[in-house]
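J.: I would like to see how this sequence folds:
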Amino acid sequence: MSYETILYAVDGAVATITLNRPERLNTIVPPMPDEVEAAVGVATRDEDVKVIVLRGAGRAFCAGYDFGGGFEHWGDAMLTDGRWDPGKDFAMATAPELSPTQKFMSIWRTPKPVIAQVHGYCVGGGSDFALCADLVVASDDAVIGTPYSRMWGSYLSGMWIYRLGLARTKYHALTGRPLTGAQAAAVELINEAVPFAELEARVAALAGELASIPSSQLAAMKLVVNHAYENMGLASTQTLGPILDGLMRNTPDALAFIDTAAREGVGAVVAQRDGAFGDYSQAPEVLQPDPNNVIVP
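T.: From the prediction side, this is the model:
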């Protein structure tokens, strides 16, 4: 298959899906969700593949949904006559055949274990996506967070909620404060963090360890753990979250946010949102991911 926004490669028992919009920090636009789902399907059907690795090209895993032009690139999926249509939005956001979140959840549903290899920025919808993976390994200096907690969004996959306890979840949900990779590992949002220079080798070693286990055993253990969390209401959370996300993208404050982005650029509106908090792109350089940490596919 040929892809526009991702790369797909197989090396022995490991399939690697690489988000490939490095010039835009791998922000999410169509057809990325469809292509990820398709690539997961290819890996799932390939009897030689036992493990899937998910990563981002360039200097970031994924900086969330691309909102430079509002959501106009989703076109008629949520607009009627050029205006937001809440009926279309909630239908698209919740239908398995259409929902970006549900397409990314293909990495949750595949019986094969998925390792997310995270570096640079892993924020907004990008963090919702990465946390759907079975195991998440990040570079120490990665930045993982949901700046949409402050404006223009809501939890989508719900994985921030299910991976953290109540106290931590409420804090990050209400403040939008990010975590470094090292901090995320310490609070068990992710599995582990290592220096960037060791990231690829650590993920490869972990993938090799999993590949030494029978596929049926991996599938059984993944299934029983997934069902435990689904019994906690995961599907309901993933219905409510995207509906609220649509509403939060269309409040008066949110519309003013997008209008400013259109007039002054995304950088200006992000500075307004995060400047008082001094984090994400508004953080001191020492608290931002090292821009020299680049994944070359």
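J.: pLDDT at residue 70, what is it?
T.: Residue 70 is assigned 68 on the pLDDT scale.
J.: so which helix or strand of this protein has the lowest pLDDT on average?
T.: strand 68-71 (a mean of 70; mean pLDDT, DSSP states H and E).
J.: what residues does that strand touch?
T.: Contact with strand 68-71 is made by 65, 78, 79, 249, 258, 261, 262, 266, as judged by Cβ atoms under 8 Å, 6 or more residues apart in numbering. For glycine as for every other residue, the C-beta is placed from the backbone atoms N, C-alpha and C.
J.: same thing but at 6 Å, please
T.: With Cβ atoms under 6 Å, 6 or more residues apart in numbering as the test, strand 68-71 has contacts from 258, 266.
J.: same check on stretch 40-53?
T.: So stretch 40-53 is in contact with 13-16, 106-107, 110, 112-115, 117, 203, 207, 210-211, 215, going by Cβ under 6 Å, 6+ apart.
J.: got the end-to-end distance for it?
T.: Terminal residues of stretch 40-53 are spaced 10 Å apart (Cα to Cα, to the nearest Å).
J.: model confidence over it, on average?
T.: For stretch 40-53, mean pLDDT rounds to 98.
J.: if we can go back for a sec, looking at the contacts of stretch 40-53, which are in helices?
T.: 106, 107, 203, 207, 210, 211, 215 (DSSP state H).
J.: buried only: go through those residues for me.
T.: 106, 107, 203, 207, 210, 211, 215 (16 or more other Cβ atoms under 10 Å).
J.: quick one: residues contacting the second one.
T.: With contact taken as Cβ under 6 Å, 6+ apart, residue 107 is in contact with 40, 114, 132, 133.
J.: in PyMOL, select just the buried ones from the residues you listed.
T.: Listed next is the PyMOL selection for buried residues among the contacts of residue 107, using 16+ other Cβ under 10 Å:
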select buried, resi 40+114+132+133
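J.: narrow the contacts of residue 107 to those in strands?
T.: Among the contacts of residue 107, the ones falling in strands (DSSP state E) are residue 114.
J.: in space, what's closest to residue 10 - neighbours in sequence excluded?
T.: residue 49 (6.2 Å; Cβ to Cβ, 6 or more residues apart in numbering).
J.: am I right that residue 139 is in contact with residue 181?
T.: Yes: using Cβ atoms under 6 Å, residue 139 is in contact with residue 181, at 5.2 Å.
J.: state the pLDDT value of the residue sitting furthest away from the middle of the chain.
T.: What lies farthest from the middle of the chain is residue 81; by Cα atoms, centre = their mean that is 30.1 Å. Per-residue pLDDT puts residue 81 at 91.
J.: so what does it have for phi and psi?
T.: Main-chain torsions, residue 81, degrees, to the nearest 10: phi 50, psi 40.
J.: might you report the residue contacts of it?
T.: So residue 81 contacts nothing (Cβ under 6 Å, 6+ apart).
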